[in-house]
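Undergrad: what's the 3D shape of this:
(3 chains)
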Amino acid sequence: MYKDKGIITAKQFVDELRRYQKGSVTRRHFLGVTGLGLATAVLGGAMPGFRPRKAYAGLSGTLNFTTWPNYFAQENFDNFTKNTGVNINVAIFGSNEEMLAKLQAGSTGWDVFVPTNYTISTYKKLDLIEPLDLKKLPNYDPASQDPRFLGPGTIDGVVYAVPKDWGTTGFIVNTKNVTQNPTSWKEFWDLAQGPLTGKVMVHDYQLTTIGGALKALGYSFNSLDEKELGNAEKLMLETKPHLFGINSDYQPSMRNGDAVMSICWTNDAKQLHADMPEMQYVLGKEGGEIWVDHYAIPKGAPNPDAAYAFIDYLLTPEINAKEIKFHGAPSTDARCNKLLPKEILENPILYPAAEALAPLEFGAAESLTNPLRAEIMARFKAA
Amino acid sequence: MTDSQHSRGVTALLLVPAGVFFFFLLILPMAVVLVFSFGDRADTGGYAPAFTFDNYLNLPARSKAFVNTLTLAPLGTLLTALFAYPMAYFLAVKVSPQWRVTMLVLVMAPFWTSQLLRYYAWIMILGAKGIPNWLSMIGITDVRLINTPWAVLIGAVYGFLPLMVPPIYVSLEKLDKRLLEASADLGATPWKSFLQVTLPLSLPGVATGSMLVFILLMGDYILPQFLGGGKVYFIGNALVDLFLQSRNWPFGAAVSVALVIIMFVTIFFYMRFVLGKSGQRRVALV
Amino acid sequence: MRYYAALIYFFLYAPIALIVGFSFNSGRYAMDWQGFSLAWYGKAFSNPLIVKALGTSITIAGSTAFLSAIIGTLTALGLERVTGKLRHLFDAFLYIAIMVPGIVIGISTLIAFVTLFNIVNPYLMAAWNWKIEMGVWTVVAAHVLFNIAVVCLLVRARLTGMDRSLVEASEDLYATPFGTFRQVVLPLLTPSILAGFLLAFTFSFEDFIIAFFVAGPNVTLPIYVFSSIRRGVTPEINAVGTVVLLTSLVLLAVAQAILQRSNRTLKTSKTVPQA
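TA: This is a model prediction of the structure:
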């Protein structure tokens, strides 16, 4: 494990450091090859966040992890399994509503899942989620987290979920086919009904689709006002015949040209833009959504020890950085940001300018659970 | 134990396992669904005990889904039957006996690829880089195939042809060729023989296949979801959304009950009609 | 007519050719051919999620087929022995089991079991520190329901068409009822039972909608494919699909061969000398 290389030259050290920072080698390799590993183990107690995980001993069995698509680096999971012997079973979901539905139906058998900010208070209300024992999560350092993102996970002073990453909801435009250069939600819906008819998609998700309609009309993303929702529904119904599809799975259609514009999330935008630079991500002028995804443990998790070890492992800044690099949603953790290369930190899709972020709203719990909004979405789909 | 008691004991033993399954997995769940259909939606979703007809009164809110399904499902079944019949006829009558089973199996084999993957292939074929692309190369531009009812119909025929062919094949194969000889002897043209002898005698097979495909289409969720892209909304989509999006269990239960009733009624009348025509009383599945 | 058949075969297999073809695509996105590569096969089968999903699906389908074949045959045999109201009742249930759409079975089973578990679990926890939960067994149970009806109908069709004189001859030759069953009836029923087994296996393996609702934390292959398709398929899925298809075709060829052999021996043993 630890190579006995004796003295390592400065150049070799820097080379290894670069390789480690780029993610080409694992931390273990880096620490081992440079001899820092031993030193680290000794200093471990004194350096927060670098403590060797004694709790990894005594873990067994399987961990059931529920998350969103393309949202984790398999390599990190394999490492965890290697270190702890715990097998990771991953279930992939399409929306928060589905996760809520499954948890409400009970006996999911999940150990760790990834709720978005606006669901956490609902989970607590329905007693579906465990308060987190922060002593078991030493890698979680609230001080290094962006304070904007600490709110939703803590209810009445008790932490129920820890931030994983954050992002925004805007829309993606294929600038090769779309020359109008839309910058607002109003233009999104107008273009959908007009010149871009038959080629625009909206999400199969009431929060963002109704939200997008509300923003176009100048209302709040989270409005529950019947009149405002009625107007939003009217806009949606007017546009429906012109839409290409109502689908949260928009990447394939954007890639093969069936659609040229769609409501879009940060990480998908990053993946699309990376492969096809003509794909531009737009945050509507009127506003939109800013969201934070968390790690949380549902009540009745079958393997809580593994759950805590797993979350703690994923919150380790180096591991977290690797995750970010893979899925492209920006990090809430300053320690993590320090480990990311400049191209990522300066990517406007992941880290938009402050002015673009200012009008964005966090989704509200009631927006997700409100039956009127759900029914409007259903009527919209059935129309 | 007397002989008949022994015999009854054996019969009971034979029937109890199925009985257990029918009770716990059919009767009990359907009863629970019925009860739920009269309930209220709990605040954040789920079921709250109540007794109200609201859910049934609210069914018209999904009328478009019912209409869509009740037009496209029978249409899809009909189209599948129309395409399947000549194929089954070819296999049963025109192919030499030693190749028949192999070729029949080849018709069914596509069924053994994941249906999800096959529909996904159609998304590609009907999408911008597929058929519309080729059509635009010969000058027919601006064709939208995917996310339309046509896509769903094509998908239905594609998906269910392998299921429709075997029952029709079986009933055609059992056909006594001497009847056709007799018909010819009596002066009928081949076409007339077909209409008056072959077709009526093969109707049970058509009925079986159609019933199977109709049932699958009426409850389908994947087909309209993939090939309709949210723009073709079936009862199946409405149900999935009610349970996974709005989490309105009582309304979902009411829609389920409505679906089951509609199915029973349509199948009952269909069987009456089709079997009445062929003059047969009982349906054998094979 | 031959051309029509050829056209149909083309129609059926073109999309499959597409799926299989793109499993060899070195690029990540289908419809975007970037060269030939076997890499995805390696990736697919070293992907623990896929392997686990495949295993789960095979387990469920195997159990379903096995149970359905047995119970369906038993039921068919039992129904031969009853008449009147009981028979009509069972007939009705068999048809209902087939007629109720899978989505309703999935939903109703979910609702019923969740309600049942919520009532029963507090007692189980208190007494034995154990909860009953949705899992592989719930999927198998829901699948078996439908497939019992399928097998039963297949076997019954065979039973009604069976030559009674063979059974009578066997009894005349002093065979016990069970002996008659074992040596005369069962071999004649075997093709139907086998067909039922295969059909049940297929339906169960392919099923998405029922498993989607009642599998709990388990992921079957269709569920895995569904969640991948929702956010962009990689050719890994194509690779898995291709392998599954090939395996089924091979299994079918094997089943065919076995059936041919048993048919031939049956034919030779069917010649009962005239008394």
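Undergrad: what residues does stretch B:127-137 touch?
TA: A:253, A:256-258, B:124-126, B:141-146, C:31 (C-beta atoms under 8 Å, 6 or more residues apart in numbering or on different chains). Placement of C-beta: from N, CA and C, glycine included.
Undergrad: tell me the buried residues in that stretch?
TA: Using 16 or more other C-beta atoms under 10 Å in any protein chain shown as the test for burial, stretch B:127-137 gives B:Gly127, B:Ala128, B:Lys129, B:Gly130, B:Ile131, B:Pro132.
Undergrad: circling back to that earlier point, closest to C:Ile8 among the contacts of stretch B:127-137?
TA: C:Ile8 lies nearest to B:Ile125 out of those, by C-beta to C-beta, at 16.3 Å.
Undergrad: against B:Gly155, how distant is that closest one?
TA: 10 Å (C-beta to C-beta, to the nearest Å).
Undergrad: which ones are touching the residue in chain B that chain C sits nearest to?
TA: Taking C-beta to the nearest C-beta, chain C has its nearest neighbour within chain B at B:Gly219, 2.3 Å off. For B:Gly219, the contact set (C-beta under 8 Å, 6+ apart) comprises B:Ile235, B:Gly236, B:Leu259, C:Pro101, C:Gly102, C:Ile103, C:Val104, C:Ile209.
Undergrad: cool, C:Ile193 as well?
TA: When contacts are counted by C-beta under 8 Å, 6+ apart, C:Ile193 is found next to C:Ala69, C:Gly72, C:Thr73, C:Val151, C:Leu154, C:Val155.
Undergrad: picking that back up, among the contacts of B:Gly219, which are within reach of chain A?
TA: Applying C-beta under 8 Å from any C-beta of the partner chain, the subset of the contacts of B:Gly219 adjacent to chain A is empty.
Undergrad: format those as CSV; extra columns: distance to A:Lys234.
TA: Below are the contacts of B:Gly219 laid out as CSV (distance: C-beta to C-beta, whole Å):
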residue, distance to A:Lys234
B:Ile235, 26
B:Gly236, 27
B:Leu259, 30
C:Pro101, 34
C:Gly102, 36
C:Ile103, 31
C:Val104, 34
C:Ile209, 33
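Undergrad: flag every buried residue along stretch B:27-43.
TA: Neighbour-count burial for stretch B:27-43, counted by 16+ other C-beta under 10 Å, picks out B:28-30, B:32-33, B:35-42.
Undergrad: among these, which are in strands?
TA: Among the buried residues of stretch B:27-43, the ones falling in strands (DSSP state E) are B:Asp40, B:Arg41.
Undergrad: run through the buried residues of stretch B:27-43 and flag the ones next to chain C.
TA: With the criterion set as C-beta under 8 Å from any C-beta, the members of the buried residues of stretch B:27-43 near chain C are B:Leu28, B:Pro29, B:Met30, B:Val32, B:Val33, B:Phe36.
Undergrad: who does the one helix or strand A:Gly170 maps to touch, helix- and strand-wise?
TA: Taking DSSP states H and E as the definition, one finds A:Gly170 inside strand A:161-174. When contacts are defined as 3 or more C-beta pairs under 8 Å, 6 or more residues apart in numbering or on different chains; DSSP states H and E, strand A:161-174 packs onto helix A:206-216, strand A:261-265, helix A:266-275, strand A:279-282, strand A:288-296, helix A:304-315, helix A:317-327.
Undergrad: can you get me a residue count around residue 101?
TA: In the absence of a named chain, chain A is used. A:Ala101 has 21 neighbours, counted by other C-beta atoms under 10 Å in any protein chain shown.
Undergrad: look at chain C instead
TA: 23.
Undergrad: what's the ChimeraX line that selects buried ones from the contacts of stretch B:127-137?
TA: To isolate in ChimeraX the members of the contacts of stretch B:127-137 that are buried, counting by 16+ other C-beta under 10 Å, one can use:
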select /A:253,256,257,258 /B:124,125,126,145,146 /C:31
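Undergrad: could you dump the contacts of stretch B:127-137 to JSON lines with secondary structure, pLDDT and distance to B:Leu117?
TA: Listed next are the contacts of stretch B:127-137 as JSON lines, based on DSSP: H, G, I helix; E, B strand; the rest coil; pLDDT from 0 to 100; distance: C-beta to C-beta, whole Å:
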{"residue": "A:Ser253", "secondary structure": "helix", "pLDDT": "86", "distance to B:Leu117": "17"}
{"residue": "A:Asn256", "secondary structure": "coil", "pLDDT": "83", "distance to B:Leu117": "17"}
{"residue": "A:Gly257", "secondary structure": "coil", "pLDDT": "86", "distance to B:Leu117": "22"}
{"residue": "A:Asp258", "secondary structure": "coil", "pLDDT": "87", "distance to B:Leu117": "19"}
{"residue": "B:Met124", "secondary structure": "helix", "pLDDT": "81", "distance to B:Leu117": "11"}
{"residue": "B:Ile125", "secondary structure": "helix", "pLDDT": "86", "distance to B:Leu117": "13"}
{"residue": "B:Leu126", "secondary structure": "helix", "pLDDT": "86", "distance to B:Leu117": "15"}
{"residue": "B:Thr141", "secondary structure": "coil", "pLDDT": "74", "distance to B:Leu117": "30"}
{"residue": "B:Asp142", "secondary structure": "coil", "pLDDT": "72", "distance to B:Leu117": "29"}
{"residue": "B:Val143", "secondary structure": "coil", "pLDDT": "76", "distance to B:Leu117": "24"}
{"residue": "B:Arg144", "secondary structure": "coil", "pLDDT": "79", "distance to B:Leu117": "23"}
{"residue": "B:Leu145", "secondary structure": "coil", "pLDDT": "84", "distance to B:Leu117": "19"}
{"residue": "B:Ile146", "secondary structure": "coil", "pLDDT": "85", "distance to B:Leu117": "16"}
{"residue": "C:Met31", "secondary structure": "coil", "pLDDT": "61", "distance to B:Leu117": "14"}
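Undergrad: from the contacts of stretch B:127-137, which is closest to A:Asp312?
TA: Looking across these and measuring by C-beta to C-beta, the closest to A:Asp312 is A:Ser253, at 38.6 Å.
Undergrad: now do that closest one against A:Glu98, distance only.
TA: According to C-beta to C-beta, A:Ser253 stands 21 Å off from A:Glu98.
Undergrad: what's the average pLDDT for the strand holding A:Gly170?
TA: In this model, strand A:161-174 has a mean pLDDT of 93.
Undergrad: now that strand: how far from the chain's centre is it?
TA: Centroid separation for strand A:161-174 versus its chain: 6 Å, with C-alpha atoms, centre = their mean, to the nearest Å.
Undergrad: after that strand comes which helix or strand?
TA: Next along from strand A:161-174, by DSSP H and E: helix A:185-193.
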